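S.K.: structure for the following, please:
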Amino acid sequence: MTPTHRAPGLDGGPPGAEPDPHGPEREPDPHEPDPHEPDPYEPDPHDPEHEPDPHDDPEHEADLHAGFLADAAQWLRGLLGPEDRVTEAVRRIVDVGSGPGAASCALARAFPRAEVVAVDRSAPLLARAEARAAERGLTGRITTRRAERPEEFGRLGPADLIWTGNVCRHLGDQQAALRGLARALRPGGLLAVAERGLPPRFLPRDIGIGRPGLQARLDAAVEERFAAARDRLPGSTSVVEDWPCLLASAGLVPTGSRTFLIDFPAPLDLAPRRHLHTRLARLLDELGDRLDPVDRLTVEQLLDGDARTGILWRPDAFYLAAITVHTARLCRPRARLSP
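M.R.: Numbering: from 1, shown residues only. As a prediction, the model looks like this:
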């Protein structure tokens with residue numbers, strides 16, 4: 001596990017500096033059977049109908065996860081070979097499910113001679129990725145490509161490194177998705193899959209309003225809803241989510257897993273608070289009747305932008321999450337011995 005990321009304020013603003021008390025609305029996704037798919041704790045940033053919003057989750061989450069992504073990219077660099085050879089060896093990287101391009105930028109910095117292709121099904125998010133690359137002086141190093149279906153994964157190669165974050169769980173057949181990604185690797189290439197870990201925690205057990213244990217009940221409701229959503233995905237197939245085993249079944253050789261801790265202790269600055277406000281607003285909207293009246297009222301109080309008990313103001317709010325990255329390589333063909 002990496003050292004914890006204890007980051008300073010992301011925007012320097014005070015917790016009460018004109019926060020937007022309303023989370024962004026989501027429009028229906030024509031590619032999913034349920035317009036609210038799939039996970040309210042991890043709203044799908046790859047929705048092609050999801051328009052950019054200055055306070056939306058993908059950008060806030062990208063900033064919160066910047067330290068983790070930089071550390072993960074350096075770890076992958078070490079897995080790919082000796083320091084004096086890896087820069088030359090890694091020439092093409094594909095970031096599947098790139099969102100606003102945070103991982104693409106981290107990978108471009110870790111592999112300074114590689115072309116990075118940010119792949120997403122959302123044109124607005126790909127535009128964000130291009131803007132992020134330009135802001136960081138990476139124009140020309142990072143290109144974008146739109147892909148919507150798992151069947152397209154095999155045509156993304158050839159790649160020396162493929163990174164995919166929280167993509168497979170949104171697809172009906174996760175094993176088939178991994179096989180498609182594996183087909184895009186060059187011999188010796190590495191596939192890195194960031195899937196689940198531990199859900200973010202941001203509230204104490206007893207927050208002084210409502211019943212203690214609110215966050216545990218929210219997590220349970222999210223899992224119940226996510227399981228139901230997965231059952232409705234096209235081609236939904238149940239698999240044991242043993243990621244090293246799934247990677248091996250895709251024809252790859254597992255090369256290790258590592259968990260990265262993201263830790264923003266209390267008191268939070270404004271940017272993480274806005275991110276949590278948006279998450280709570282989506283939870284209230286999407287969990288619906290899964291919450292009992294007391295818990296619904298408590299979440300509404302947390303969303304109150306003027307109340308000292310709200311998430312935008314309360315001093316005990318924090319952000320703690322763990323993300324696990326699983327890796328595997330496509331073995332090079334064994335050299336044939338001369339007779």
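
S.K.: quick one: average pLDDT of stretch 86-104?
M.R.: Mean per-residue pLDDT for stretch 86-104: 94.

S.K.: now find how far off-centre stretch 86-105 is within its chain.
M.R.: 14 Å (C-alpha atoms, centre = their mean, to the nearest Å).

S.K.: put the alpha carbons of that stretch into PDB.
M.R.: Provided in PDB are the C-alpha atoms of stretch 86-105 (Å, rounded to 0.1, in the frame of the first residue of the first chain):
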ATOM      1  CA  VAL A  86      11.400   1.300 -19.900                       C
ATOM      2  CA  THR A  87      11.400   4.800 -21.400                       C
ATOM      3  CA  GLU A  88      12.400   3.400 -24.800                       C
ATOM      4  CA  ALA A  89      10.200   0.300 -24.500                       C
ATOM      5  CA  VAL A  90       6.900   2.000 -23.800                       C
ATOM      6  CA  ARG A  91       5.800   3.900 -26.900                       C
ATOM      7  CA  ARG A  92       2.000   3.700 -26.900                       C
ATOM      8  CA  ILE A  93      -0.400   3.800 -23.900                       C
ATOM      9  CA  VAL A  94      -4.200   3.500 -24.000                       C
ATOM     10  CA  ASP A  95      -6.300   4.900 -21.200                       C
ATOM     11  CA  VAL A  96      -9.700   3.200 -21.500                       C
ATOM     12  CA  GLY A  97     -12.600   5.000 -19.800                       C
ATOM     13  CA  SER A  98     -10.400   8.100 -19.600                       C
ATOM     14  CA  GLY A  99     -13.000  10.500 -18.400                       C
ATOM     15  CA  PRO A 100     -11.500  14.000 -18.100                       C
ATOM     16  CA  GLY A 101      -8.000  12.700 -18.800                       C
ATOM     17  CA  ALA A 102      -6.400  12.700 -15.300                       C
ATOM     18  CA  ALA A 103      -4.900   9.200 -15.700                       C
ATOM     19  CA  SER A 104      -3.800  10.000 -19.300                       C
ATOM     20  CA  CYS A 105      -1.800  13.000 -18.000                       C
END
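
S.K.: where does residue 75 fall, secondary structure wise?
M.R.: helix 66-79 (DSSP states H and E).

S.K.: name the helices or strands packed onto that helix?
M.R.: Packing partners of helix 66-79 (3 or more C-beta pairs under 8 Å, 6 or more residues apart in numbering; DSSP states H and E): helix 102-110, strand 185-201, strand 253-264, strand 319-329. Using the backbone N, CA and C atoms, a C-beta is placed for each residue, glycine as well.

S.K.: okay if I get those as CSV plus distance to residue 245 and mean neighbour count?
M.R.: As requested, these are exported to CSV (distance: least, C-beta to C-beta, whole Å; neighbours: other C-beta atoms under 10 Å):
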stretch, distance to residue 245, mean neighbour count
helix 102-110, 24, 26
strand 185-201, 12, 20
strand 253-264, 8, 17
strand 319-329, 10, 20
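
S.K.: by mean pLDDT, show me the worst of those.
M.R.: Lowest mean pLDDT within those: strand 185-201, a mean of 93.

S.K.: quick one: distance of that one to the chain centre.
M.R.: Centroid separation between strand 185-201 and its chain, computed with C-alpha atoms, centre = their mean, is 10 Å.

S.K.: okay, that strand in CSV with CA atoms only?
M.R.: Output of strand 185-201 as CSV, limited to C-alpha atoms (Å, rounded to 0.1, in the frame of the first residue of the first chain):
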residue,chain,number,x,y,z
LEU,A,185,-1.6,-5.5,-26.1
ARG,A,186,1.7,-6.0,-27.8
PRO,A,187,3.7,-9.0,-26.6
GLY,A,188,5.2,-8.1,-23.3
GLY,A,189,2.6,-5.4,-22.8
LEU,A,190,0.9,-4.7,-19.5
LEU,A,191,-2.8,-4.3,-18.6
ALA,A,192,-3.6,-2.4,-15.4
VAL,A,193,-7.2,-2.7,-14.1
ALA,A,194,-8.4,-0.4,-11.3
GLU,A,195,-11.6,-1.9,-10.1
ARG,A,196,-13.3,-1.2,-6.8
GLY,A,197,-11.3,-1.3,-3.6
LEU,A,198,-13.0,0.4,-0.6
PRO,A,199,-15.8,2.9,-1.1
PRO,A,200,-15.0,6.5,0.0
ARG,A,201,-15.7,7.3,3.6
